[in-house]
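Undergrad: fold the following.
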Amino acid sequence: MAAPVLAYENLGLVQGAGWLFRHLDLFVGARDRLALIGRNGAGKTTLLKCLADLIETDEGRRTIQPGTKVVLLEQDPDVTRFATLRDFALSGPAAAHEVEAIADQIGLDLSREAKTASGGERRRAAIARALAAEPDVLLLDEPTNHLDLAGIEWLEDWLGRYTGAFIVISHDRTFLTRLTRSTFWLDRGQLRRAEVGYGGFEAWTERVYEEEARAAEKLDAKLKLELHWLQRGVTARRRRNQGRLAKLHEMRAARAAMLGPAGTAKLAVENDDVRTKMVIEADQVTKRFGDRTIIRDFTLRIQRGDRIGVVGANGTGKTTLLKLLTGEIAPDEGTVTRARTLSGVMIDQQRKLLDPDKRVRDILADGGDWIEVRGHKKHVQGYLKEFLFDPNLVDAKVGSLSGGERSRLLLAREFARRSNLLVLDEPTNDLDMETLDLLQEVIADYEGTVLIVSHDRDFLDRTVTITLGLDGSGKVDIVAGGYEDWERKRKRPGQSRSPRAQSRGVRDEPVPASPDVARDQRPPARKKLSYKDQRDLDLLPGRIEELEAAIARDEAALSDPTLYARDPKLFEALTNSIAAARAERDEAETRWLELAEQAEALAG
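TA: The predicted structure follows:
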C-alpha cells in the first residue's frame with residue numbers, strides 16, 4: 001500500500017469546555033476522492049482546517065510528504081478586504097494567467113468590486129484562487145454553495161479530471177455520489193473511514209447503527225433511549241421517506257396528465273374541484289427589464305399541494321419568476337391571480353441573522369416552554385428533537401451554535417408559523433444530510449403549496465412535483481417531475497453548452513424547435529416499438545436491479561478498511577467491477593427511459 005501524502009495521528013482538539021474530537025487517525029492517499037460527512041456542529045470545517053495546518057491542535061502529529069501542496073477552499077472566504085475579485089484571487093499562490101484562465105471558463109468577471117459581488121461571484125473567485133494554485137491535496141468546504149447548475153457541472157468535470165487527492169464537505173448528494181470513492185464519517189467525536197463513495201454511505205451507516213443498537217441492549221433502557229433516539233429517528237426517517245417518494249411519483253403522474261401533451265399548463269378538465277384548489281394562476285405572463293425579456297408567455301395554474309421547483313443558471317430569471325408568482329412584482333403583460341386566502345412564509349438564502357446572545361428557547365418560544373406549531377402547542381424541547389437538536393440545547397446561546405445549526409434553528413422557527421404557501425430560496429445551503437432528510441419530510445407533510453428555488457439536484461428530485469426550467473431566453477419549460485426529468489427533456493443527443501455560456505444564460509446553439517414543430521418535421525411514427533426495443537423495455541428493469549445488487553455487494557466488500565492491505569488485487573478487482581457496473585447501469589437506465597418515452601408517445 002502506497003504511503004499517504006497527508007496524515008494525522010492521534011489528532012485532538014479542545015473547543016470550549018471539552019474535546020471537540022480526540023484520538024483521530026486519518027490518512028489521505030495521492031488519488032483519494034473522499035467525502036467528509038457529519039452533522040452540523042460535528043467539527044467538519046474545523047477538521048479540514050487542521051489538515052490544512054491552519055489550526056494548532058492540542059494533540060496529535062501531522063505528517064506530509066515533502067513538496068505536497070495542500071489548498072483549502074473555505075466555505076465563506078473573506079473577500080471584503082480586497083478591492084476587486086482579481087485582487088482576492090491573486091492573493092493566493094497561483095499565477096495570474098492560471099487564475100484568469102479558470103475565471104474565463106466559469107464566467108467570472110475578475111474586475112468586479114469585491115464588496116458588491118454576489119455570493120455566486122465570490123464563490124467562483126474562491127474556486128479560481130484554489131484550483132489555479134495547482135494543489136496536490138484539495139480540501140473543499142461546501143464548494144457548490146451559491147453556484148448555479150452550470151457552475152456545479154463545470155466543477156464536477158474539473159474534479160473528474162483532477163489527478164490529485166481531495167476531501168469534500170457538501171450537502172449536494174448528486175455531487176458527492178458522482179465524485180467520491182471513499183468516505184470519512186465524523187460522528188460524536190469519532191472518525192470512521194470506509195472505502196465506499198457517498199453512494200454507499202447510507203447502507204454503511206445503517207450497518208454501524210445496527211451494531212450499536214445490539215451493543216446498546218446491555219444498557220439501561222432509559223440511558224439507551226437518550227443515547228440512541230437520534231440514530232433510530234434517522235433510520236426510521238429514511239424508511240418513511242421511501243414511502244413519501246412513492247407518493248411523490250404518484251403526484252407527478254397526476255400532474256403530468258393535467259399539463260397535457262404539449263406542456264401548455266392548461267388543465268385538461270375545467271371542473272369546480274380544480275378551481276377550488278387553484279392557489280396561483282399565471283396567464284400569458286411576460287416580464288421585461290429594459291430590452292431584455294426575462295419571462296415570455298408563461299402560463300401555469302398552481303394547485304393546493306403542488307411542490308414547484310424552479311431551476312436555471314444564475315441570471316436566467318428564477319427570482320423574477322418567483323416574485324411574479326408571489327405578487328412582489330407585476331407582469332408587463334398577462335395576469336397573475338392569487339387565492340384571497342393565500343398566506344405565505346418566505347425562507348431565503350440570505351437568512352436573517354439571529355441574535356447570538358439569545359437562547360434557543362428565546363428564538364423558538366419567546367423564552368417560554370411551549371411553542372405553537374401551525375396551530376398546535378408543543379413543548380419546546382420536544383420540538384427541538386424533531387429538528388435533530390439535543391433537547392438540552394434549549395438554554396444554549398445562539399452564538400455557541402455552528403452555522404448549520406443556526407440555519408436549522410431558523411427553519412424550525414419558520415416552519416412553526418401558520419401558512420398555506422412556503423417559498424424556499426436555496427433552502428439547502430449550510431444544512432447537513434440528516435437535516436436535508438428532515439427538510440424533505442417537512443415539505444412532504446406540508447398541507448399547503450411549496451415554491452422552491454434550488455441548485456440542489458437530488459433535493460429537487462426528492463421533493464417537487466413540477467419543475468419550471470429557465471434557460472435565459474424568456475421561455476419557461478414546464479415539466480412534471482424533478483430536476484432529472486427536466487434535464488432529460490432539455491438535452492438533445494450530442495448537444496453541449498459551455499459552462500461560460502450557461503452561466504450567462506446564453507445558448508451556444510440555436511434554440512431547438514418546440515416539440516410540436518419538431519414532431520411535424522419527423523417522418524410518420526411507428527404505431528409500436530420494434531421487437532428489439534420492446535424486449536429491451538421489458539428486460540432492462542431486471543438487469544438494472546441485478547447491477548444495483550452487484551454494486552451494493554461489491555461496495556459492502558470494499559467497506560472493510562483492512563482489505564487493501566490484505567489483498568490489494570481483490571481491492572483493485574472490486575473497484576474495477578463497481579466502475580464497470582455503474583457504467584452499465586447508467587447506460588441501461590438511459591436506454592430504458594428513452595424507450596419508455598417512445599412507448600408513451602406511441603400510445604398517445
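Undergrad: pLDDT (mean, whole number) over stretch 562-572?
TA: For stretch 562-572, the mean pLDDT works out to 80.
Undergrad: tell me if I'm right that Val479 and Thr467 touch.
TA: Yes. In terms of C-beta atoms under 8 Å, Val479 counts as a neighbour of Thr467; the distance is 4.7 Å. (Each C-beta comes from the backbone N, C-alpha and C, glycine too.)
Undergrad: overlap in contacts of those two?
TA: Common contacts of Val479 and Thr467 (C-beta atoms under 8 Å, 6 or more residues apart in numbering): Asp485, Trp486.
Undergrad: so which bits of stretch 65-78 are buried?
TA: Thr68, Val70, Val71, Leu72, Leu73, Glu74, Gln75, Asp76, Pro77 (16 or more other C-beta atoms under 10 Å).
Undergrad: please read the previous query as pertaining to stretch 386-398.
TA: Neighbour counts over stretch 386-398 (16+ other C-beta under 10 Å) mark Phe387, Leu388, Phe389, Leu393, Val394, Ala396, Val398 as buried.
Undergrad: how far does it sit from the chain's center?
TA: The chain centroid and the centroid of stretch 386-398 are separated by 25 Å under C-alpha atoms, centre = their mean, to the nearest Å.
Undergrad: hmm, who's touching it?
TA: Counting by C-beta under 8 Å, 6+ apart, 39, 230, 233, 354-361, 363, 380-382, 384-385, 401, 405-406, 408-409, 411-412, 434-435, 438 sit against stretch 386-398.
Undergrad: residues near Gln105, how many?
TA: Residues contacting Gln105 under the criterion other C-beta atoms under 10 Å number 18.
Undergrad: go on, Asp332?
TA: Neighbour count for Asp332, taken as other C-beta under 10 Å: 13.
Undergrad: out of the buried residues of stretch 65-78, give me the two with the largest separation.
TA: Thr68 and Asp76 (25.8 Å; C-beta to C-beta).
Undergrad: residue ranges in the stretch 201-350 of the chain under the pLDDT threshold?
TA: Filtered on pLDDT under 70, the stretch 201-350 of the chain yields the residue ranges 215-246, 258-276, 348-350.
Undergrad: mind running it again at 90?
TA: Where the stretch 201-350 of the chain drops to pLDDT under 90, the residues are 202-203, 205-278, 290-291, 313-316, 319, 340-350.
Undergrad: for it, what spans make up the strands?
TA: For the stretch 201-350 of the chain, the strands defined by DSSP state E, counting those that start in this stretch occupy 278-289, 292-303, 307-311, 333-338, 344-347.
Undergrad: immediately after the last one, which helix or strand?
TA: Counting by DSSP states H and E, the element after strand 344-347 in chain order, helix or strand, is helix 360-365.
Undergrad: give me the mean pLDDT for that next one.
TA: Helix 360-365 shows a mean pLDDT of 92.
Undergrad: what comes into contact with that helix?
TA: 354-355, 367-369, 371, 380, 383-384, 389, 393-396, 398, 401, 409-410, 412-413, 416.
Undergrad: mark which of the residues you listed are buried, thanks.
TA: Using 16+ other C-beta under 10 Å, the buried ones in those are 354, 371, 380, 383-384, 389, 393-394, 396, 398, 401, 409-410, 412-413, 416.
Undergrad: show me the residues you listed that map onto helices.
TA: In helices, defined here by DSSP state H, the members of the buried ones among the contacts of helix 360-365 are Val380, Tyr383, Leu384, Leu409, Leu410, Ala412, Arg413.
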